[in-house]
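Colleague: Could you work out the structure for the sequence below:
(one chain, ligands or ions: 1)
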Amino acid sequence: MTPAARLQAAITLLEAIGEAAPKPADRVASAWFKQRRYIGSKDRRAVSELVWGCLRAQARLGWWLERLYVPDGARARVLAFALLEQGTSAEELLRLLDGGDRYGPPSSDAAEADWIARLAGQPLEHAEQPPSVALEVPEWLLPRFEAALGPQAEAELRAMRAPAEVDLRVNRLKATREAARNALAEEGISTWPGQWSPLALRADGRRPVAATRAFRDGFVEVQDEGSQLVALLTGARPGMRVCDFCAGAGGKTLALAGEMDNRGQLVACDVLEKRLERSALRLRRSGVHNATRRPLSSERDPWVKRHKGSFDRVLVDAPCSGSGTWRRNPEARWRFDETGLDELLALQASILESAARLVRPGGRLTYATCSLLREENEEQVERFIATREDFRLLPLAELWDDSMEGAPPCEGPMLRLTPAQHGTDGFFVAVLERAAPNVSEPDEAESREEEKP
Ligand SMILES: C[S@@+](CC[C@H](N)C(=O)[O-])C[C@H]1O[C@@H](n2cnc3c(N)ncnc32)[C@H](O)[C@@H]1O
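Modeller: Sure, this is the predicted structure:
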């Protein structure tokens, strides 16, 4: 592809992402590239870099376009990004636009040539941008980040603007970390051990791991190191009965299965059956034999009542704002509002309350999110404990020693991981233990009501 054709491809893809909202950008992009198999890997990387650059700089680009009275759109954004962040000069850009390349963008008019000349040489981040623009965070959310992260908020939000590393989790059922690392190296993929998880490998990210034999043979899965820690801290062990209550496409189910060494029972639940189905192939590839999938009508599905008190471990990887994963899904930050957050908070509380019923006395309930907001994390757990005398928070340091080497990365009973501090996506984990019998569940009466026809 010529540089001009790459520009045009980026404009078209950015437009497609905008039109397909709220569909996640990575899904739109992968379908878009699939329909254009003639685009080679180098060009694909260059186009993606432009598009993801624009998504990461959404607010700052918008600020610049508004300042120069430029009508907003995919073309303006891609061109502005090339000028502001990629160091393309105005002359170079105009040469590309006006060079008559049949696969390039249509040539520029006088108004466009004028703003291109004025924008060239400016920095993407400007001292006059308000903090929410410079830090790429919706204005209403900034105070919540500050409340959660204190003086670290700015550093974390800056870290969240950058792309994430490619993390892999070694599948214990098929390989050791060393064996997986060697297998990947033989296929030209360099990796190095992660900092926290004993199963983590960090890849250089320039070659697609999913195309390797090591991946197809189930030696590794792509999974952020923070997500690996959530699964490890759940403390699933061979022979246990384990429920992954919000299993989605099975990212953590796979990790739990590895910890169980294929022994015991693992049940993956979710309200989205299609998402749950996507885990089937991954479970097969990973050689997991002890997992079943259980679609739920809601968190209060009668299945929960029927299986109350029967699981040693229950993981609630709750639906959340995803505010810890903006490095991977930069567009997600603009796609939810205060009402959406309030709805999520109510859902999280309800899921936690219902999933808690599944835990046997002496068993554990793990609550996790990929959010950094206190409302979704510490406050949910504190509210739950305040109403449930039969659950107590387990100290993280103890749980950490059971599964990890080295000191835990934070103090206190709950774990919060952040991109700037830990090099992972933002995650939150709290593990609660259910007391021995004779403390009755407060919602027993209510759940009996539910079962009436
Ligand atoms: C953070 S995602 C789970 C990601 C998954 N555990 C993984 O590691 O790949 C949260 C999941 O909760 C599911 N969910 C939403 N509402 C639910 C409910 N009421 N009961 C159970 N699961 C629910 C969503 O469909 C979504 O798949």
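Colleague: At the contact with the ligand, which residues of the stretch 151-300 of the chain appear?
Modeller: For the stretch 151-300 of the chain, the residues in contact with the ligand (C-beta under 6 Å from any ligand atom) are 227, 245-249, 251-252, 270-272, 275, 296, 298-299. To be clear about C-beta, it is placed using only N, CA and C from the backbone, and glycine gets the same treatment.
Colleague: mind running it again at 5 Å?
Modeller: 246, 248, 251-252, 270-272, 299 (C-beta under 5 Å from any ligand atom).
Colleague: okay, the residues you listed in TSV with pLDDT and secondary structure next?
Modeller: What follows is these, written out as TSV (pLDDT from 0 to 100; DSSP: H, G, I helix; E, B strand; the rest coil):
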residue	pLDDT	secondary structure
Cys246	98	coil
Gly248	97	coil
Gly251	97	helix
Lys252	98	helix
Asp270	98	strand
Val271	98	coil
Leu272	97	coil
Glu299	98	coil
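Colleague: what about burial for those, which qualify?
Modeller: With burial judged by 16 or more other C-beta atoms under 10 Å, the buried subset of these is 246, 248, 251-252, 270, 299.
Colleague: that older thread, would you point out the most distant pair within the residues of the stretch 151-300 of the chain next to the ligand?
Modeller: Gly251 and Glu299 (19.3 Å; C-beta to C-beta).
Colleague: List the buried residues in stretch 211-225.
Modeller: 212, 214-215, 217-221, 223-225.
Colleague: now stretch 2-13
Modeller: 3-13.
Colleague: ranges for the strands of the stretch 51-200 of the chain?
Modeller: All strands of the stretch 51-200 of the chain, identified by DSSP state E, counting those that start in this stretch, fall at 166-170, 191-193, 200-203.
Colleague: any idea how far the closest residue to Ile39 other than its chain neighbours is from the ligand?
Modeller: Among residues not flanking Ile39 along the chain, Phe33 sits closest, at 6.2 Å (C-beta to C-beta, 6 or more residues apart in numbering). The gap separating Phe33 from the ligand is 23 Å, by C-beta to the nearest ligand atom, to the nearest Å.
Colleague: still on that earlier bit, can you list the strands of the stretch 51-200 of the chain in a markdown table and add mean neighbour count and mean pLDDT?
Modeller: What follows is the strands of the stretch 51-200 of the chain, written out as a markdown table (neighbours: other C-beta atoms under 10 Å; pLDDT from 0 to 100):
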| stretch | mean neighbour count | mean pLDDT |
| --- | --- | --- |
| strand 166-170 | 26 | 97 |
| strand 191-193 | 16 | 97 |
| strand 200-203 | 22 | 97 |
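Colleague: Put together TSV for the ones you listed, with distance to Leu94 on each row.
Modeller: Shown next, in TSV, are these (distance: least, C-beta to C-beta, whole Å):
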stretch	distance to Leu94
strand 166-170	36
strand 191-193	42
strand 200-203	38
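Colleague: Okay then, goodbye and thanks.
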